[in-house]
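Enquirer: Could you look at this predicted model? Sequence included:
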Amino acid sequence: MNKKVIASILTAAMTVSLVACGNATTSTTETAPAEATETTEAAAETTEAADSATTDAGSMEELIAAAKEDGTLTVYGSCEEAYLSAACQKFQEMYGIQVDYQRLSTGEVYTKIEEEAGNPSGDVWFGGTTDPYNEAVAAGLLEPYVAQNASHLLSADYQDKDGNWYGIYKGILGFMVNKEEIERLGLEEPKDWDDLIKPEYKGLIGISNPSTAGTAKLVINTMIQMKGHDEAMEYFKELDKNVYQYTKSGSGPSKMVGPGECVIGVGFLHDGITQILAGYDNIDLIIPSSGTSFEVGATAIFKGCKHENAAKLWVEYALSPDCVNIAKENESYQFLVLDNAEQPEEATQFGLDPDNVIAYDFEDAKENTATYVEDFFQAVTNGDSESADTSRFLTE
């Protein structure tokens, strides 16, 4: 199945309109920094591509002045709405630059900037897993930038080697289970990936749609890296039999588990923490026993953006405590990847370990994600898009 067929079945027109920043709360709460589990490194040496790219404006003061001349900034955000709003509001307050933002899934952002290649209506991308960012890198849709604040990244793993994107947080992939429903059904909780394909879980699983959500793309890449391509495709055929719904957003399954819309959700466990703290204490968080992977939530500049200096300043801001420390106050409990950030205590209180992950192959994901997504749809529809039930794949 080619991309056009997939798009014709599974994508819908995006109708979300731009909104100006609201008065989100941005006061910080003091928490004890978690002990760093990774060796702090200086920012990785950039390649010739990044060296030849337009970099900073000479000094931070000059960059701020040039950004203010731009006067406005448009942010496409793939993190949760509360954090996106708060981050945009604080940037606007700090620099006096008007910020408009639009909350879109990573797949929607990629589709939008691909359609607008070289003349994007947005300036920067904020949040969301890096597999779609890497697709954008491969397609030449992002602008390399040598960020001064990248010196605070905990590892070179948290930035594109050519400066196309920079990491701001790290999230662990796993399962969220409704304890009450699983007990009522007389079933055991899944402990590992292969448990999800057991027949007793038929119709009980929520997972996101790879055509719109970067989280689902990460699941596909993870299974391919753990099982091999062909075995992973067979796995997804079996898993599809148990899926109740493929949600548009990667955080969608986490929001379905607590109310019982689905019994098992596959996604990032920090989204489960958000739901638990919102009152759904019937949710269990499970890290797959054979291993799992992680997202690097990122930020990047769109090639050809209209407010280039404001976009560069946004990247510097996103790589600072001013931005990342307010995440935990706005429904986002990911591990932070800056050495001068305050780690959210909630992430470790719920037993999440930022190092309990596989050695994820980002280069393979960069080169092959688009192909792997096509292979996924080919597998779950048995190559027959006309008769396949696509109603479970939400795009709105």
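Expert: Alright, I've got the coordinates. Small disclaimer: the values here were computed from a predicted structure and weren't measured.
Enquirer: Run through this protein and note the low-pLDDT ranges.
Expert: Low-confidence regions of the chain, defined by pLDDT under 70, span residues 1-58, 383-389.
Enquirer: Tell me where the longest strand sits in it.
Expert: Longest strand of the chain, by residue count under DSSP state E: strand 165-178.
Enquirer: What is the subsequent helix or strand relative to it?
Expert: Later in the chain than strand 165-178, the nearest helix or strand by DSSP states H and E is helix 179-184.
Enquirer: Show me what that following helix is in contact with.
Expert: The contact list for helix 179-184, computed with Cβ atoms under 8 Å, 6 or more residues apart in numbering, reads 188-189, 260, 263-264, 282-284. Every residue, glycine included, has its C-beta placed from N, CA and C.
Enquirer: please redo it, this time with the cut-off set to 10 Å
Expert: When contacts are defined by Cβ atoms under 10 Å, 6 or more residues apart in numbering, helix 179-184 is touched by residues 178, 187-190, 201, 204, 257-258, 260, 262-264, 281-284.
Enquirer: Are any of the residues you listed buried, and if so which?
Expert: Buried members of those, counted by 16 or more other Cβ atoms under 10 Å: 178, 187, 190, 201, 204, 257-258, 262-264, 282-284.
Enquirer: Please, where are all the strands along the stretch 251-396 of the chain?
Expert: With DSSP state E, counting those that start in this stretch as the criterion, the stretch 251-396 of the chain has strands at 264-268, 283-286, 294-302, 335-336.
Enquirer: number of nearby residues for the residue nearest to residue 319 when sequence neighbours are not counted?
Expert: Once flanking residues are discounted, residue 319 sits nearest to residue 149: 3.7 Å by Cβ to Cβ, 6 or more residues apart in numbering. Residues lying near residue 149 (other Cβ atoms under 10 Å) number 19.
Enquirer: that's a helix at residue 149, yeah?
Expert: Yes: the assignment for residue 149 is a helix, going by DSSP: H, G, I helix; E, B strand; the rest coil.
Enquirer: from what I can see it touches residue 338, true?
Expert: Yes: under the criterion of Cβ atoms under 10 Å, residue 149 makes contact with residue 338 at 8.0 Å.
Enquirer: Find the residues that touch each one of these two.
Expert: Joint contacts of residue 149 and residue 338 (Cβ under 10 Å, 6+ apart) are 166, 318-321, 323.
Enquirer: Please flag which of these sit within helices.
Expert: 318, 321, 323 (DSSP state H).
Enquirer: In contact with the second one: list those residues for me.
Expert: Residues in contact with residue 321 (Cβ under 10 Å, 6+ apart) are 28, 149, 152, 336, 338, 340-342.
Enquirer: Report the buried members of these.
Expert: By neighbour count, with 16+ other Cβ under 10 Å, the contacts of residue 321 hold 149, 152, 336, 338, 341-342 as buried.
Enquirer: Mind giving me the packing neighbours of the one helix or strand residue 238 maps to?
Expert: Under the criterion of DSSP H and E, residue 238 resides in helix 229-240. With contacts defined as 3 or more Cβ pairs under 10 Å, 6 or more residues apart in numbering; DSSP states H and E, helix 229-240 has these neighbours: strand 205-208, helix 214-227, helix 362-380.
Enquirer: and with 6 Å instead?
Expert: Identification of packing neighbours for helix 229-240 by 3 or more Cβ pairs under 6 Å, 6 or more residues apart in numbering; DSSP states H and E yields helix 214-227, helix 362-380.
Enquirer: how far out from the middle of the chain is the helix or strand just after it?
Expert: Scanning forward in sequence from helix 229-240 by DSSP H and E, the next helix or strand is strand 243-247. Relative to the centre of its chain, strand 243-247 is centred 19 Å away, using Cα atoms, centre = their mean, to the nearest Å.
Enquirer: what packs against strand 243-247?
Expert: strand 205-208.
Enquirer: Neighbouring strands of the strand it packs on in the sheet, and parallel or not?
Expert: Strand 205-208 has the following strand partners under DSSP bridges: strand 243-247 (parallel), strand 264-268 (parallel).
Enquirer: Quick check: which of those strands is nearest to residue 145?
Expert: Closest to residue 145 of the strands paired with strand 205-208, according to Cβ to Cβ: strand 264-268, at 26.5 Å.
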